[in-house]
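Student: from the sequence below, what's the structure:
(one chain, ligands or ions: 1)
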Amino acid sequence: MGDALLQVRDVHLALPAPGGPRAVLAGVDLRVERGSFTCVVGPSGCGKSTLLGVVAGLRHPDRGQVLLDGRDVTGTTGHAAWMPQDDLLLEWRTVVDNVALGLQVQGLRRREARARVRDLLAGFGLAEHADARPSELSGGLRQRAALARTVVQGRDVLLLDEPFGALDALTRLHLQRWLAATWAAHRWTVVMVTHDVREAVTLADEVVRLSDRPARVAVRHVVDDPHPRHPAALGAGTRRVEAEVLAGLGVLDGQDAPGAPVGGRGTPGVRAPSRASTP
Ligand SMILES: Nc1ncnc2c1ncn2[C@@H]1O[C@H](COP(=O)(O)OP(=O)(O)OP(=O)(O)O)[C@@H](O)[C@H]1O
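Tutor: Alright, predicted model coming up:
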């Protein structure tokens, strides 16, 4: 096994609910290699965002640990940059100033932050939009700006919570392709929550499926095909993992497999198991 940058060990958390605390995370374990891309999928409301909150240190687990490079960072911030579901761009700031905010919150002066950000914007296809306001950008460009603001912070781990969830299907496809290529060039350590299984297998080295709430890791699927992958032209191995993840989520049943396409997306049925492991 490689070099684990991030480890989540036996994390438990209950959150307030009418009638008393309700268990949301019940013994979650994660192991994230340096420079790898992990996607977290699971039933709606199972605790995916809550898990990201624990990893970011914004929520303190009732039990368990978050380790970075073997160091206990449970309940502390500073090691991870978070991109929430909503892009949270400030409408009164230009793109360059929105992205620079990621550095200013770390104490950098505005002028220095802007200079550093301008170098980064080209790689995000945003150079010509640097002085635009968010309202002038398309949905896809807004998400790129939000991602740039996350990346520029230079944290060890990037936590992306459904970054493309609000985009139309075509824009989403473009952004998936762009992120696949950009990530392959930079190899950030990413943990991303998504509901889109095709997106997960396109981007990830490993797809982690959480159980129903209270969540624990149900299965980890390794995706072996080389990066970057094209979401509309995935290799057979990746499509097999996709079918397995869908089956685990209850979207594929015995009548669909083997060999039957899923939901018109051309996914083959489950023939041979991929490298999946239960924790
Ligand atoms: N601040 C909070 N206080 C109390 N309960 C919360 C809080 N935040 C989330 N929850 C509850 O915790 C559970 C898990 O929520 P969470 O948002 O982590 O799930 P999720 O898997 O990310 O959901 P989705 O798939 O819909 O995005 C849900 O039942 C939710 O209602």
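
Student: give me the low-pLDDT residue ranges for this protein?
Tutor: Of all residues in the chain, those with pLDDT under 70 make up the ranges 1-2, 253-275, 278-279.

Student: against the ligand, how distant is the most centrally placed residue in it?
Tutor: Most central residue of the chain, judged by C-alpha distance to the mean C-alpha position with Cα atoms, centre = their mean, is Met192 at 0.9 Å. Separation of Met192 from the ligand (Cβ to the nearest ligand atom, to the nearest Å): 12 Å. In this view, the C-beta of every residue, glycine as well, is placed from N, C-alpha and C.

Student: repeat for Val32
Tutor: Summarising the geometry, the distance separating Val32 from the ligand, computed by Cβ to the nearest ligand atom, is 18 Å.

Student: secondary structure element for that residue?
Tutor: Using DSSP states H and E, the secondary-structure element containing Val32 is strand 22-33.

Student: list the buried ones in that strand?
Tutor: Residues 23-28, 30-33 are the ones in strand 22-33 that count as buried (16 or more other Cβ atoms under 10 Å).

Student: may I have the helix or strand where the residue nearest to the centre of the chain lies exported as PDB, CA atoms only?
Tutor: Met192 belongs to strand 189-193 when elements are defined using DSSP H and E. The C-alpha trace of strand 189-193 is given here as PDB (Å, rounded to 0.1, in the frame of the first residue of the first chain):
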ATOM      1  CA  THR A 189      -5.000  15.000  -3.000                       C
ATOM      2  CA  VAL A 190      -8.800  15.200  -3.500                       C
ATOM      3  CA  VAL A 191     -11.800  13.800  -1.600                       C
ATOM      4  CA  MET A 192     -14.900  14.600  -3.500                       C
ATOM      5  CA  VAL A 193     -18.600  13.900  -2.700                       C
END
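
Student: which other helices and strands contact that strand?
Tutor: When contacts are defined as 3 or more Cβ pairs under 8 Å, 6 or more residues apart in numbering; DSSP states H and E, strand 189-193 packs onto strand 4-15, strand 22-33, strand 37-41, helix 48-56, strand 157-161, helix 197-203.
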